[in-house]
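> Provided below are the primary sequence and the corresponding predicted coordinates.
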Number of protein chains: 2
Amino acid sequence: MAETPRATDREGIRDLLETAAAIAESAGAIALRHFRKPLDVEDKSAGEDFDPVTVADREIESFIRKELVRRHPDHGILGEEEAALESDSAYRWVIDPIDGTRAFVSGVPAWGILLGLTIDGACAAGVMHQPYLGETFLGSGPDAPDRGAWLRRSGSTTPIASRRNARLSDAILYSTHPSMFESEASRSAFDRVADSCRMMRYGGDCYSYCLLALGQIDLVIEEGLQPYDIIPLIPIIVGSGGVVTNWQGGDASAGGRIIAAANETLHAQALDTLNSGPLSK
Amino acid sequence: MAETPRATDREGIRDLLETAAAIAESAGAIALRHFRKPLDVEDKSAGEDFDPVTVADREIESFIRKELVRRHPDHGILGEEEAALESDSAYRWVIDPIDGTRAFVSGVPAWGILLGLTIDGACAAGVMHQPYLGETFLGSGPDAPDRGAWLRRSGSTTPIASRRNARLSDAILYSTHPSMFESEASRSAFDRVADSCRMMRYGGDCYSYCLLALGQIDLVIEEGLQPYDIIPLIPIIVGSGGVVTNWQGGDASAGGRIIAAANETLHAQALDTLNSGPLSK
């Protein structure tokens, strides 16, 4: 087992980021064996919410856990499908084996394999792999010695940057689905921002945050996220120059209500608009 | 110039379908020169609707027109960007150079290059090409001697079929955006169907109709479509075994309010639900 680098060790974080990308890309082959094939879709929830869990979901998390334990047996692991693996290490991996299972079930390549790393609870590195598109988004930061974000496709790795000059009136806003807003108040808050933007579209899942990092869209506003939905994406967003917080402007890594913006000015404008009416939960 | 086949000539329709695919795929290279690059987005509409038209849109339609005129100078052409080319021929090509310009501008590969052929006003052949995914959907019918639909990817062409057994309660419904519904009544009608389905998602553009033909989703319900938005897709939907009509169950080729379903039973169920309340326009 390689010695684990400290967070202040630039090369160490780069190595861990490459490890995460390699594991996610290997897991992509498992996902593609199930994508656009007849699926055993179970309904995890008893109620009217449709929460599909595929065989692929479990196979991928199991594969990623084995790969992580083999390389870093002392690290902790938080995943969607299995119980957390506690550890005394400062290093904890965060897995969402298929983020966007509804997109997956529909045949839409907006889902992704998410793998992030926190050090002492702070986000340090993250990857999103979309195997049907052959794309891997990589990011380091905010708590890494240098921030950056990259898109890897067809063997070529390119630095990416969010839009520096986007303002609210010319922003493109994405959100996965109107039903993700849990109250009339939060739905109205979202609508206030949407009404101030140039364009709003639904349907992005985790891919929306990567499009923001790529400089294609400018805002993502969502509610009801789990920590594993957002932690692996935080380094990609921040590494590209974007900002991601909860709706109060605080730490995003607990999930819940999330706002990601292409730059600080836009983030401040959108946060003001979001909070310009009642927002009780 | 090759002699134009009659609609009853099976090989002739196949040749025209292959011609359409080859032209759309060549146009794909033009689209990729602009996709995910800084765009000159104009606002065609004076009002609050955001209707982006890209340079790519015009270049692609111009390219496709030239290719069609070179091969079939006697045929008519209807396109989104330029005036219709009238003709005495029974054959008329229908072009939507980039269907889903909002997806295009956002960097989302759910847009497509659409090229269809009508003979005496009836849909005979159609293709949808998505160059970033490297996918071409082809279809013949309903007014072709044999119906069929295919997906071409990485040089391999595979027959595709919509889901034969899907019923309303287990259907996956797609629609591009809630704002496309032009009245409270039509929005409520859509919501009635959505509430009866297993899952509803926004954000598909023309790609949703192809996912239906691929057997991945089961229903697409939209409003405000132009003829060129839907005519090239009709042969793909019908060729795969699906049904597409307007909300009264009539001919879809005039655009407007469109419902596509994976099979006849599902179409009847969804149409009943759609029309079970007031639907005045």
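Right, received. Where do you want to start? Quantities reported herein were computed from a predicted structural model and do not represent experimental measurements.
> What sits closest to the closest residue to chain B within the stretch 151-281 of chain A if chain neighbours are left out?
Proximity of the stretch 151-281 of chain A to chain B (Cβ to the nearest Cβ) peaks at A:G203, 2.2 Å away. Where C-beta positions appear, they are placed from N, C-alpha and C, glycine not excepted. Distances taken as Cβ to Cβ, 6 or more residues apart in numbering or on different chains place B:G203 nearest to A:G203, at 2.2 Å, with adjacent residues excluded.
> The one you found reaches B:A110, doesn't it?
Yes: the criterion here is Cβ atoms under 8 Å, and B:G203 meets it with B:A110 at 6.7 Å.
> so A:E135 touches A:S156, yeah?
No: if you go by Cβ under 8 Å, A:E135 and A:S156 don't touch, sitting 11.1 Å apart.
> Can you pick out the residue with more neighbours from the two?
A:E135 (19 against 8; other Cβ atoms under 10 Å in any protein chain shown).
> Return the set of residues that bridge with that one.
A:Q130, A:R153 (DSSP bridges).
> ok, back up a step: anything in contact with each of B:G203 and B:A110?
Common contacts of B:G203 and B:A110, defined by Cβ atoms under 8 Å, 6 or more residues apart in numbering or on different chains, comprise A:G203, B:A103.
> okay, the residue nearest the centre of chain A: pLDDT?
Most central in chain A under Cα atoms, centre = their mean is A:L233, positioned 3.2 Å from the mean C-alpha point. Predicted confidence (pLDDT) at A:L233: the value is 98.
> List the residues that contact the closest residue to it other than its chain neighbours.
Spatial nearest neighbour of A:L233, excluding adjacent residues (Cβ to Cβ, 6+ apart): A:Y209 at 4.5 Å. Applying Cβ under 8 Å, 6+ apart to A:Y209 gives the contacts A:M128, A:V220, A:L233, A:I236, A:I237, A:V244, A:A260.
> A:Y209 is in what secondary structure piece?
helix A:207-213 (DSSP states H and E).
> What would that helix look like as PDB? C-alpha coordinates only.
The C-alpha trace of helix A:207-213 is given here as PDB (Å, rounded to 0.1, in the frame of the first residue of the first chain):
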ATOM      1  CA  TYR A 207     -24.200  16.400 -15.500                       C
ATOM      2  CA  SER A 208     -25.500  20.000 -15.000                       C
ATOM      3  CA  TYR A 209     -22.800  20.700 -12.400                       C
ATOM      4  CA  CYS A 210     -20.200  19.500 -14.900                       C
ATOM      5  CA  LEU A 211     -21.700  21.700 -17.700                       C
ATOM      6  CA  LEU A 212     -21.300  24.600 -15.300                       C
ATOM      7  CA  ALA A 213     -17.600  23.700 -14.800                       C
END
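> helix or strand right after it?
strand A:219-225.
> what about the strands in chain A?
Listed in chain order, the strands of chain A (DSSP state E) span A:42-43, A:52-53, A:76-79, A:91-99, A:112-119, A:122-130, A:135-140, A:148-153, A:156-159, A:172-175, A:199-202, A:219-225, A:243-246, A:256-261.
> could you dump those to a markdown table with mean pLDDT?
Conversion of those to a markdown table gives the following (pLDDT from 0 to 100):
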| stretch | mean pLDDT |
| --- | --- |
| strand A:42-43 | 48 |
| strand A:52-53 | 50 |
| strand A:76-79 | 96 |
| strand A:91-99 | 97 |
| strand A:112-119 | 97 |
| strand A:122-130 | 96 |
| strand A:135-140 | 97 |
| strand A:148-153 | 97 |
| strand A:156-159 | 96 |
| strand A:172-175 | 96 |
| strand A:199-202 | 95 |
| strand A:219-225 | 97 |
| strand A:243-246 | 98 |
| strand A:256-261 | 98 |
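> what would those strands look like in CSV with distance to A:G12?
Listed next are the strands of chain A as CSV, based on distance: least, Cβ to Cβ, whole Å:
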stretch, distance to A:G12
strand A:42-43, 40
strand A:52-53, 35
strand A:76-79, 17
strand A:91-99, 10
strand A:112-119, 10
strand A:122-130, 10
strand A:135-140, 11
strand A:148-153, 15
strand A:156-159, 19
strand A:172-175, 34
strand A:199-202, 39
strand A:219-225, 29
strand A:243-246, 24
strand A:256-261, 27
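> Show me the one of those strands that comes nearest B:K37.
Evaluated with Cβ to Cβ, the strands of chain A place strand A:156-159 nearest to B:K37, the distance being 13.2 Å.
> Go through that closest one and flag the buried ones.
Neighbour-count burial for strand A:156-159 flags no residue at all (criterion: 16 or more other Cβ atoms under 10 Å in any protein chain shown).
> for stretch A:68-82, same thing?
Buried, per 16+ other Cβ under 10 Å, within stretch A:68-82: A:L68, A:H72, A:H75, A:G76, A:I77, A:L78, A:G79, A:E80, A:E81.
> from those residues, which is closest to B:S175?
A:E80 (28.1 Å).
> ok, so what distance separates that closest one from B:I119?
52 Å (Cβ to Cβ, to the nearest Å).
> Could you name the helices and strands sitting against the longest helix belonging to chain A?
Secondary structure of chain A per DSSP state H: the longest helix is helix A:10-34. Contact analysis of helix A:10-34 by 3 or more Cβ pairs under 8 Å, 6 or more residues apart in numbering or on different chains; DSSP states H and E lists helix A:55-71, strand A:91-99, strand A:112-119, strand A:122-130, strand A:135-140 as its packing neighbours.
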